[in-house]
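J.: Show me the folded form of this:
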Amino acid sequence: MSTFFIFGKYSSEAVKEISAERTKKVISLIEKFGGKTSSMYALLGEYDLVFIVDFAGTEQAIKASVGLTKLTGISFSTSPAITVEHFDRIIAEM
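T.: You can find the predicted model right below:
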C-alpha cells in the first residue's frame, strides 16, 4: 500500500452540505476504491481538509480523488507521500 495526502478546498456550494453523513459517504467512497483512511483533518489556510489515505496504487488514488469531487463538489488535490525515513534511505542510495 502507498500513502497519499488528499487536500480539499471547499467551494461556496460544498460548504452548505457539510455534515457527518457526507463524511461517512466520503469514507465509503475511499473504501470502494480499495483505500483505507488513516486520518482526516480540517485545516485553516490554503486548504480546508486533508485526508491521509493508503491505496494499492496511483490508479486507485486518482479514481478516489475524482470520485470525491463528483460526490462532494469539493476540489481535491492528491499527492503521494513517503515517510522521511524512507526518503532518507532512497537519498542515501544516490
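
J.: Follow the chain on from the lowest-mean-pLDDT helix or strand in the chain and name the next helix or strand.
T.: Counting by mean pLDDT, DSSP states H and E, the chain has its least confident helix or strand at helix 12-15, which shows a mean of 94. The helix or strand immediately downstream of helix 12-15 is helix 20-32, counting by DSSP states H and E.

J.: Could you list the buried residues of that following helix?
T.: Neighbour counts using 16 or more other CB atoms under 10 Å place V26, I27, L29, I30 of helix 20-32 among the buried residues. Using the backbone N, CA and C atoms, a C-beta is placed for each residue, glycine as well.

J.: Pull out the buried positions in stretch 62-72.
T.: In stretch 62-72, counting by 16+ other CB under 10 Å, buried: K63, A64, S65, G67, L68, T69, T72.

J.: Ignoring the adjacent residues along the chain, who's closest to the third one?
T.: Think S65. Sequence neighbours aside, T78 is the residue nearest to S65 in space, at 4.2 Å (criterion: CB to CB, 6 or more residues apart in numbering).

J.: Same check on the last one?
T.: For T72, ignoring the flanking residues on the chain, the nearest one in space by CB to CB, 6+ apart is A14 at 5.8 Å.
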